[in-house]
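Enquirer: Fold the following and give me the result.
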Amino acid sequence: IGDVFFSDFTFIDNKFKYDFDELVLQSRVNNNKRVVNVSSNDVIEGILIGNFDSIDILKQIYNAYNSRYTDFNRDKSDSEINFNFILKPKIAKFLSSNLIIGNNTFLSGKIISDFFELRFNSPQISINDYFLENFKLNIVNNKGEIKIDNINSPFFNGSSLILTSLFENDKTNFDIEFFSNENLNKIKISHFFNSKNQSIYELNELRFDYNNNTWFLDNSNFEEDNKLIFDKNSQELKLAIKTSAKQKIDFKYLDSENDFEFVSNFNNVDFSSIFPKPKNILYEGLVNGSIFLNKNNNIYFGNSNLTISNFLANKNLIGDAQLEINPSKNLDYYNIDLNILKDFNSTFSLNGNFKIESDDFPVDLEINTKNFDISPFSAIGENVLTNIQGLFNSSIQVTGTFKKPKMSGYIHALESSFDVPYLGIGFNFSDDPKFMIDNYDIVIDKFNIEDKDLKTVGVMDGKISHNRFKDWFLDFEINSNNLLALNTERKDNEYYYGS
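Expert: Got it, this is the predicted structure:
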């Protein structure tokens with residue numbers, strides 16, 4: 001019983017620091033029930049009523065929701081709570097620095113011995129690169145429903161998602177429907193706990209349109225297949241087989257304290273039908289082969305061999321790709337070799353090694369290119385730089401980890417050029433310059449350029465930066481006493497034009 005007042009307080013996690021205006025907590029007891037009022041302009045507002053020892057609401061919701069399963073081992077508690085909160089965007093940072101929620105987000109519920117109710121509404125939820133618009137959750141006892149207007153992610157975009165759930169016979173059955181590429185997708189999943197208190201999701205039916213390919217679940221195999229199993233120390237996906245016309249993929253996965261295994265086989269799979277489409281670039285090719293990675297008590301096993309035939313980027317031929325992954329002689333890491341051949345010549349190679357750790361993959365790689373044609377990747381410049389042409393000879397070292405790579409080396413550009421549409425000008429690099437690689441910066445060190453039409457010249461100095469090749473940023477200047485800087489007409493842009 002009492003009041004707690006925080007003013008101008010700061011929350012610090014491992015990476016970030018967050019400042020808040022104020023937070024007021026008032027605790028009272030009324031009719032043998034605790035009443036907690038919370039007030040804050042930028043964190044949370046609302047009320048919590050009940051008999052409880054802790055205000056860890058998320059844990060109580062988790063325990064109460066799962067307590068209906070026979071094999072769920074819950075913490076013993078007789079807590080009964082009733083709550084209603086308005087969540088402000090900053091409260092998301094207490095859960096994850098990458099989580100964002102919109103204004104007017106509401107959380108309410110009621111948990112007693114024989115009744116469970118939970119409601120959560122938010123106009124926007126995003127975490128990492130996943131964005132949900134108008135998220136609505138409603139659960140009353142054994143029935144539940146989730147509605148989401150739009151989903152945007154690196155893997156797929158969808159709309160009008162409806163998830164319904166029904167708990168019966170010690171299982172919760174989920175039916176999911178949503179649209180992608182104007183096609184209706186259907187997924188059926190069952191959830192239960194086994195006698196080992198493992199949480200098991202069983203995939204029963206799948207019809208999923210991805211990159212204009214409709215994939216189906218092959219459930220004609222063993223009863224133990226198509227299951228995702230979680231416990232405190234491991235997660236495992238039993239063998240799952242997906243088919244789309246003549247394409248077939250199977251995969252399984254295990255990650256535990258001492259073991260890691262990933263196995264996948266590809267049979268006549270179109271590259272564009274399974275891999276997320278990078279911004280502005282469509283990759284195509286026929287994928288065949290297998291990946292087998294197995295780490296047991298720091299000993300590496302398994303061999304991988306994968307081919308991508310007729311590998312294309314935006315309809316331009318890159319070549320034929322061959323990937324091999326094999327354990328080292330001492331079985332303490334993997335060697336990787338990726339080569340691309342075009343007209344029987346090696347134009348791209350990636351060689352080196354990597355390890356598997358619990359949260360990332362340490363790498364030590366070298367990338368080399370020889371007369372590698374960059375025109376298929378011209379779209380990466382979007383509308384800022386277009387018609388990028390040239391051949392690259394390069395040597396780049398990549399260390400660090402897969403998630404946080406460190407890069408150094410050079411790119412020697414031959415016969416290279418680019419256009420700047422909003423200036424109406426195309427430029428050539430006249431001296432076949434060498435770009436230096438400094439982590440995520442591509443350094444431009446006083447390169448001579450000339451415009452394609454009048455052959456006027458200038459000097460470019462600065463850098464091009466990127467966020468792991470996803471977002472690109474230009475930071476350079478051009479100095480000249482006589483360089484064509486604008487060559488447009490009024491019809492191109494009525495606010496600035498000329499030459």
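Enquirer: low pLDDT regions in the chain?
Expert: Scanning the chain for pLDDT under 70 picks out 1-2, 9, 11-18, 20, 53-55, 74-78, 221-222, 278-279, 381-384, 489-499.
Enquirer: what's the lengthiest helix in it packed up against?
Expert: Longest helix of the chain, by residue count under DSSP state H: helix 57-66. With contacts taken as 3 or more Cβ pairs under 8 Å, 6 or more residues apart in numbering; DSSP states H and E, helix 57-66 sits against strand 80-87, strand 105-112, strand 115-127. C-beta coordinates here come from the backbone N, C-alpha and C atoms, glycine included.
Enquirer: mind checking how far Phe94 is from Ile388?
Expert: 44 Å (Cβ to Cβ, to the nearest Å).
Enquirer: and the two? which has more neighbours close in?
Expert: Neighbours were counted for Phe94 and for Ile388 using other Cβ atoms under 10 Å; Ile388 has more, 17 against 13.
Enquirer: Which strand or helix spans the more buried one?
Expert: strand 386-400 (DSSP states H and E).
Enquirer: Which other helices and strands does the following helix or strand past that strand contact?
Expert: Next along the chain after strand 386-400, taking DSSP H and E as the criterion, comes strand 405-420. If you count contacts as 3+ Cβ pairs under 8 Å, 6+ apart, strand 405-420 packs onto strand 363-373, strand 386-400, strand 425-429, strand 434-438.
Enquirer: if you set the cut-off to 10 Å instead, what comes out?
Expert: If you count contacts as 3 or more Cβ pairs under 10 Å, 6 or more residues apart in numbering; DSSP states H and E, strand 405-420 packs onto strand 363-373, strand 386-400, strand 425-429, strand 434-438, strand 441-451.
Enquirer: Adding distance to Tyr253, write those strands out as TSV.
Expert: Listed next are the helices and strands packed on strand 405-420 as TSV, based on distance: least, Cβ to Cβ, whole Å:
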stretch	distance to Tyr253
strand 363-373	20
strand 386-400	24
strand 425-429	46
strand 434-438	34
strand 441-451	36
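Enquirer: among these, which is the most enclosed?
Expert: strand 425-429 (a mean of 20; mean count of other Cβ atoms under 10 Å).
Enquirer: sorry, back to before: which one of the helices and strands packed on strand 405-420 lies nearest to Lys329?
Expert: strand 363-373 (15.8 Å; Cβ to Cβ).
Enquirer: Spit out the contact partners of Phe174.
Expert: By Cβ atoms under 10 Å, 6 or more residues apart in numbering, the contact list for Phe174 reads 144, 146, 163-166, 187-191, 201, 204.
Enquirer: Render the CA-only coordinates of the helix or strand that it is a member of in PDB, please.
Expert: Using DSSP H and E, Phe174 sits in strand 171-180. The C-alpha trace of strand 171-180 is given here as PDB (Å, rounded to 0.1, in the frame of the first residue of the first chain):
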ATOM      1  CA  LYS A 171      -5.500 -29.300 -28.200                       C
ATOM      2  CA  THR A 172      -5.900 -25.800 -29.600                       C
ATOM      3  CA  ASN A 173      -6.700 -25.800 -33.300                       C
ATOM      4  CA  PHE A 174      -5.800 -22.700 -35.300                       C
ATOM      5  CA  ASP A 175      -7.300 -21.900 -38.700                       C
ATOM      6  CA  ILE A 176      -5.500 -19.100 -40.500                       C
ATOM      7  CA  GLU A 177      -6.700 -17.400 -43.700                       C
ATOM      8  CA  PHE A 178      -5.200 -14.300 -45.500                       C
ATOM      9  CA  PHE A 179      -4.600 -12.900 -48.900                       C
ATOM     10  CA  SER A 180      -1.200 -12.500 -50.700                       C
END
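Enquirer: buried stuff in that strand?
Expert: Neighbour counts over strand 171-180 (16 or more other Cβ atoms under 10 Å) mark 172-174, 176, 178-180 as buried.
Enquirer: Next, the angle helix 57-66 makes with it.
Expert: For strand 171-180 against helix 57-66, the angle by axes from the mean of the first three to the mean of the last three Cα atoms, to 10 degrees is 110 degrees.
Enquirer: Any chance of TSV for the helices and strands packed on helix 57-66, columns mean neighbour count?
Expert: Below are the helices and strands packed on helix 57-66 laid out as TSV (neighbours: other Cβ atoms under 10 Å):
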stretch	mean neighbour count
strand 80-87	18
strand 105-112	18
strand 115-127	17
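Enquirer: Figure out which of the ones you listed is closest to Arg28.
Expert: Nearest of the helices and strands packed on helix 57-66 (Cβ to Cβ): strand 80-87, 14.6 Å.
Enquirer: gap between that closest one and the chain center?
Expert: 32 Å (Cα atoms, centre = their mean, to the nearest Å).
Enquirer: I'd like to know which elements that strand is packed against.
Expert: Against strand 80-87 (3+ Cβ pairs under 10 Å, 6+ apart) you get strand 33-39, strand 44-51, helix 57-66, strand 105-112, strand 115-127.
Enquirer: Any chance of those in JSON lines with distance to Lys463 as columns?
Expert: JSON lines is the format used below for those (distance: least, Cβ to Cβ, whole Å):
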{"stretch": "strand 33-39", "distance to Lys463": "48"}
{"stretch": "strand 44-51", "distance to Lys463": "43"}
{"stretch": "helix 57-66", "distance to Lys463": "44"}
{"stretch": "strand 105-112", "distance to Lys463": "40"}
{"stretch": "strand 115-127", "distance to Lys463": "29"}
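Enquirer: The closest residue to Phe106 other than its chain neighbours and Ile91, how far apart?
Expert: For Phe106, ignoring the flanking residues on the chain, the nearest one in space by Cβ to Cβ, 6 or more residues apart in numbering is Asn121 at 4.9 Å. Asn121 sits 15 Å away from Ile91, going by Cβ to Cβ.
Enquirer: ditto for Thr369
Expert: From Thr369 to Ile91 the distance is 48 Å (Cβ to Cβ).
Enquirer: try Ile187
Expert: For Ile187, the distance to Ile91 - Cβ to Cβ - is 31 Å.
Enquirer: Compare the two (neighbour count), which wins?
Expert: Ile91 (20 against 17).
Enquirer: Looks to me like the more buried one is in a strand.
Expert: No. Counting by DSSP: H, G, I helix; E, B strand; the rest coil, one finds Ile91 to be helix, located in no strand.
Enquirer: how near is it to Ser39?
Expert: 13 Å.
Enquirer: quick one, which of the helices and strands packed on strand 405-420 is nearest to Ile125?
Expert: From the helices and strands packed on strand 405-420, taking Cβ to Cβ, the stretch that ends up closest is strand 386-400, at 30.8 Å.
Enquirer: That closest one pairs with which strands?
Expert: strand 363-373 (antiparallel), strand 405-420 (antiparallel) (DSSP bridges).
Enquirer: How far does that strand sit from its chain's centre?
Expert: 24 Å.
Enquirer: circling back: so for Gly409, which of the helices and strands packed on strand 405-420 sits nearest?
Expert: strand 386-400 (3.6 Å).
Enquirer: can you redo the strands paired with strand 386-400 as CSV with distance to Phe301?
Expert: Output for the strands paired with strand 386-400, formatted as CSV (distance: least, Cβ to Cβ, whole Å):
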stretch, distance to Phe301
strand 363-373, 19
strand 405-420, 26
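Enquirer: To Asn31, which of these lies closest?
Expert: strand 405-420 (59.9 Å).
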